[in-house]
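Q: One predicted model, sequence on top.
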Amino acid sequence: MPMTIDELKTEIVAALAVLVSLIRGLEDLQKVSLSAPALDAVGKALADYVRRRSFLNLVVNALGSVDIGISKLEADGYPALANHPVLADVFAELQEQQDDIAAAIGEFEREPTATAITVSLGQATDKP
């Protein structure tokens with residue numbers, strides 16, 4: 001079953017909390033006396049976790065935008081969209097235009113499409 005937006009946010013926030021601790025620990029490791037290869041390994045791991053944190057933050061921000069968009073749609077009455085009231089003379093003008101367009105379209109007809117095909121084959125002949 002797919003996750004809801006709230007479930008996804010909860011999972012990402014939990015992952016971010018883990019990353020904060022890992023990043024802080026790796027930053028601390030860079031400050032202690034380690035060999036060059038060890039510092040290199042720590043630096044690579046730190047870069048990976050910082051990149052992941054950045055991607056998770058992008059998703060959290062995007063989900064926040066989705067929440068805002070959904071709230072605005074709901075406040076706007078989504079999915080319903082009310083008809084627009086107009087004055088009687090405006091409605092009459094629109095109705096007249098609709099009637100004119102319907103009359104114009106009535107002057108056209110769809111070209112027929114083939115519904116059957118007949119194939120006649122000639123007599124078979126032997127090859128020389």
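A: That came in fine, so what should we check first?

Q: And Met3, its phi and psi?
A: phi -80, psi 150 (degrees, to the nearest 10).

Q: For the top helix by length along the chain, give the mean pLDDT please.
A: When the chain is parsed with DSSP state H, its longest helix is helix 36-75. Helix 36-75 shows a mean pLDDT of 93.

Q: And that helix, what does it pack against?
A: In this structure, helix 36-75 makes packing contacts with helix 5-29, judged by 3 or more Cβ pairs under 8 Å, 6 or more residues apart in numbering; DSSP states H and E. For the C-beta atoms, the positions are set from N, CA and C on the backbone; glycine is no exception.

Q: how big is the angle separating the helix it packs on from helix 36-75?
A: Put simply, helix 5-29 runs at 160 degrees to helix 36-75, going by axes from the mean of the first three to the mean of the last three Cα atoms, to 10 degrees.

Q: in helix 5-29, what's buried?
A: Residues of helix 5-29 classed as buried: Lys9, Ile12, Leu19, Leu22, Ile23, Leu26, Leu29 (neighbour count, 16 or more other Cβ atoms under 10 Å).

Q: Identify all contacting residues around it.
A: 3, 42, 45-46, 49-50, 52-53, 56-57, 59-60, 63, 66-67 (Cβ atoms under 8 Å, 6 or more residues apart in numbering).

Q: Whichever of the residues you listed end up buried, select them in PyMOL.
A: Entered in PyMOL, the line below selects the buried ones among the contacts of helix 5-29, by 16+ other Cβ under 10 Å:
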select buried, resi 42+46+49+53+56
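
Q: Closest to Glu107 out of the contacts of helix 5-29?
A: Val66 (48.0 Å; Cβ to Cβ).

Q: Show the model's pLDDT score for the closest residue to the closest one other than its chain neighbours.
A: In this structure, Val66 finds its nearest non-sequential neighbour in Ile5, 6.2 Å apart by Cβ to Cβ, 6 or more residues apart in numbering. For Ile5, the model assigns a pLDDT of 85.
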